[in-house]
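[1] heads up, no residue letters with this:
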């Protein structure tokens, strides 16, 4: 399974980063950094009855598709993509930082945060504490915790560490059992993500969002992730009371990213 391969690789990657000097350097950067922007607050404040807030993803590749655009083999202009999203009304960004499977980089996140005043999620497979310090040192306002990839104790401890670093946490779920685990063991969780993509088969189904959303308390911010391709999809999400949507591939692969953002949001380009 691709998720298992990624997690094993990530753990090996982290073993190479275990150094007191490296952690001390990250903590020094964090001490001098501006405070994070409110990721959850931005989503809640910018959603409307006609459209959930948009988290637009800066994404170069995926394990199943490879490079998402042919020209990315020559140049991946992460700043231009992020700026297009920002200028066309995205509420927040998601930035892929995993190098080996998604061709991302923490430097992409750092560059974007220095250039644009918009909340950003570090889209990474978080399996160790050092990654949270890396995320904050590179400007992340929020981090992702994939429930399928973590044990219960890790969910609790990682949420506490992210909160200590003043970052929001997006808990990603796909099944009822994962959702119930978060609701029971991390009751203060504010952002609940529902991934419509099955991480075992990589197939997508929006009905996963509609099914799981019914189980989520009203005080949570619900984020639908993956498989959102059209304005019709967005209207279904709005009707179901979804607060935000995370969209990557349909934006990146569109002929005009700005127009696609406008189309999904139901605004003029």
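    It's in. Everything numeric here is computed off the predicted structure, so don't read it as measured data.

[2] Buried ones in the worst-scoring helix or strand of the chain on mean pLDDT, by neighbour count?
    Every helix and strand of the chain was ranked by mean pLDDT, DSSP states H and E. The lowest is helix 2-15, at a mean of 88. Residues of helix 2-15 classed as buried: 6, 7, 10, 13, 14 (neighbour count, 16 or more other Cβ atoms under 10 Å). Every C-beta, even on glycine, is put in place using the N, C-alpha and C of the backbone.

[3] Looking at those residues, which is nearest residue 176?
    The closest of the buried residues of helix 2-15 to residue 176 turns out to be residue 7 (Cβ to Cβ; 22.1 Å).

[4] How far off centre is stretch 79-87?
    The chain centre lies 16 Å from the centre of stretch 79-87; the measure is Cα atoms, centre = their mean, to the nearest Å.

[5] So for that stretch, what gets flagged as buried?
    81, 82, 83, 84, 85, 86.

[6] Show me those that map onto helices.
    Per DSSP state H, helices hold the following members of those: 81, 82, 83, 84, 85, 86.

[7] possible to save these as a markdown table with pLDDT and distance to residue 105?
    Shown next, in a markdown table, are these (pLDDT from 0 to 100; distance: Cβ to Cβ, whole Å):
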| residue | pLDDT | distance to residue 105 |
| --- | --- | --- |
| 81 | 98 | 13 |
| 82 | 98 | 13 |
| 83 | 98 | 17 |
| 84 | 98 | 19 |
| 85 | 98 | 18 |
| 86 | 98 | 19 |
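
[8] CSV please, covering the residues you listed and showing distance to residue 39.
    Output for those, formatted as CSV (distance: Cβ to Cβ, whole Å):
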residue, distance to residue 39
81, 19
82, 15
83, 19
84, 20
85, 15
86, 14
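
[9] Break down this structure into its helices, ranges please.
    Taking DSSP H, the helices of the chain run over residues 2-15, 20-32, 39-46, 78-87, 106-115, 129-137, 152-164, 176-185, 207-213, 231-239, 249-252, 257-265.

[10] so which of these comes closest to residue 68?
    Residue 68 sits nearest to helix 249-252 of all those, at 4.7 Å, using Cβ to Cβ.

[11] just checking, what packs against that closest one?
    strand 53-58, helix 257-265 (3 or more Cβ pairs under 8 Å, 6 or more residues apart in numbering; DSSP states H and E).

[12] Direction included, what does the first one pair up with?
    Which is strand 53-58. strand 92-96 (parallel), strand 244-247 (parallel) (DSSP bridges).

[13] residues in contact with the shortest one?
    The reference is to strand 244-247. With contact meaning Cβ atoms under 8 Å, 6 or more residues apart in numbering, strand 244-247 is reached by 43, 47, 52-57, 91-92, 94, 193, 221-226, 228, 234, 237, 264.

[14] and what of stretch 196-203?
    Residues outside stretch 196-203 that contact it (Cβ under 8 Å, 6+ apart): 1-3, 63-64, 146, 148, 174, 204-206, 208-209, 224-228.

[15] Buried ones among those residues?
    Applying 16+ other Cβ under 10 Å to these flags 146, 148, 174, 204, 206, 208, 209, 224, 225, 226, 227, 228 as buried.

[16] need the residues you listed in CSV with distance to residue 123 and pLDDT, can you?
    Output for those, formatted as CSV (distance: Cβ to Cβ, whole Å; pLDDT from 0 to 100):
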residue, distance to residue 123, pLDDT
146, 10, 97
148, 15, 94
174, 16, 96
204, 17, 90
206, 20, 96
208, 19, 97
209, 18, 98
224, 15, 98
225, 10, 98
226, 12, 95
227, 16, 95
228, 16, 97
